[in-house]
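Student: got a predicted structure plus its sequence, pasted below:
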Amino acid sequence: MLDQLKQLQAEALSAFTAAKDTNDLEAARVAYLGRKGRLSEIMPQLASLSNDEKRLAGQTANEVKAAIEGAFIAAQARIESTVAGANAERAWIDMTLPGNRPSVGHTHLTTQAIADLTEIFAKLGFNRQRHPEVDWDYYAFEALNMPKEHPARDDWETFFVADPDGKDVQTGELGKVVLTPHTSNAQVREMKKGALPIRMINISKCYRRQISARHLPVFHQIEGLMIDGNVTITDLKGVIDHFVKNFFGPNTKTRLRPYHFRFTEPSFELDISCTVCNGEGSVQGTKCKLCKAGWLELGGAGMVHTNVLKAGGLDPKKYTGFAFGWGVERTAMMRGGLKLDDIRMMYKNDLRFLKQF
């Protein structure tokens, strides 16, 4: 039995030394130290020995077991060190090499325009307010001097929301709810706050049943409203000029062209001089492809209608004001150098396009 133990020790030490990886090491451990391993097979022989032989054989068996376990621990440490070294070699980084810059995004072109609009009007004391994007048709139409038979209230023009339990805040009767087709629903809501004078802009989403190279079913619009004791068209022109020159450039000109809107009187279409041909209507003797005549339509504006003031609880003999509004995406498109001929490109999520801004 003593010879068997010595031979077993030599074979086990040789096996642990030869182990190259954790699989080899585990196989050797099971073969020599496992519950059914070689050492366990020899130990039952102790029962047939005399007491003196048992003491000597038992002591030898303990020494052999300790030697084998020590060899296992040493082999385990060796393999782990080898694996750690290999991993460190693979993960080694040359700190002298230039790093790879992470991909960093930026705000969308529309978000950039909204930030610029907010900052420009803030310099004139206009505060940005938030009003509902899903609102009663009263605020979207009737409060803005649009009668029930107005074509803008047709199902083919406006997104109506089914709400049979809703009650009109003015009449107490069942009313309709709409996805706001414009940001002008903010006008009467702002007046009803009772905080005068008013210098407000509302930049929000609008919803219309239109989609083309110049229209989106969901877009952003800016609404401006100023109401005080003696507001005139001159004030409107000054505010518009301030915005246009700060947003499009100091050489950009503005033009108020008579028009008709239900909620303003008098009303105007707001034009700006073309940023491509500088308002000349031609480039090097060729008619400008963008404007054709030197002017680009930006949006609408005008003096707040007396009926709208009354709907807001204000006395038209005491207060006057102006309002203006235009699409944010369209405004961004009209900036010099963009030359974007399809507004839908702004929301196609094409990184080749978006990374340019």
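Tutor: Arrived safely. Predicted, not measured: the structure shown is a model, and the values here were computed from it. Numbers count the residues shown, from 1 in each chain.
Student: point out where the protein drops to low pLDDT.
Tutor: Along the chain, the model assigns pLDDT under 70 to residues 1, 46-47, 54, 152-156, 162-174, 213, 289-290, 336-339, 341.
Student: all helices for it, in order.
Tutor: Per DSSP state H, the chain carries helices over the ranges 2-18, 22-33, 38-42, 51-91, 109-122, 137-140, 186-191, 233-247, 306-311, 328-333, 351-354.
Student: okay, these, which one's buried deepest?
Tutor: The densest packing among these, expressed as mean neighbour count by mean count of other CB atoms under 10 Å, is seen in helix 186-191 with a mean of 24. C-betas here are computed from N, CA, C, even on glycine.
Student: phi, psi for residue 249 please.
Tutor: Main-chain dihedrals, residue 249, degrees, to the nearest 10: phi 130, psi 150.
Student: my guess is it contacts residue 274. True?
Tutor: No: taking CB atoms under 8 Å as the definition, residue 249 is not a contact partner of residue 274, at 11.6 Å.
Student: more neighbours: those two, which one.
Tutor: Under the neighbour definition other CB atoms under 10 Å, residue 249 and residue 274 were set side by side, and residue 274 has more, 24 against 14.
Student: not including adjacent chain positions, what is the nearest residue to the more buried one?
Tutor: Residue nearest to residue 274 in three dimensions, not counting chain neighbours: residue 291, with 3.8 Å by CB to CB, 6 or more residues apart in numbering.
Student: pretty sure the one you found contacts residue 277?
Tutor: Yes: taking contact to mean CB under 8 Å, the distance of 6.5 Å between residue 291 and residue 277 places them in contact.
Student: for the residue nearest to residue 125 when sequence neighbours are not counted, what are its contacts?
Tutor: On the basis of CB to CB, 6+ apart, the spatially nearest residue to residue 125 that is not a chain neighbour turns out to be residue 199, at 4.9 Å. Applying CB atoms under 8 Å, 6 or more residues apart in numbering, one finds that residue 199 lies in contact with 124-127, 225-226.
Student: from the residues you listed, list just the buried residues.
Tutor: Members of those that pass the buried threshold by neighbour count (16 or more other CB atoms under 10 Å) are listed as 126, 225-226.
Student: return the subset of those lying in strands.
Tutor: 225-226 (DSSP state E).
Student: how close does the spatially most distant residue from the centre of the chain sit to residue 8?
Tutor: When distances are taken from the C-alpha mean of the chain, residue 50 lies farthest, 85.1 Å away, according to CA atoms, centre = their mean. Noted for residue 50: a distance of 22 Å to residue 8, by CB to CB, to the nearest Å.
Student: next one: residue 179
Tutor: Counting by CB to CB, the gap from residue 179 to residue 8 is 85 Å.
Student: kindly report the same for residue 323.
Tutor: Taking CB to CB as the criterion, residue 323 is separated from residue 8 by 99 Å.
Student: which one of the contacts of residue 199 is nearest to residue 15?
Tutor: Comparing those against residue 15 with CB to CB picks out residue 127 as the nearest, at 82.4 Å.
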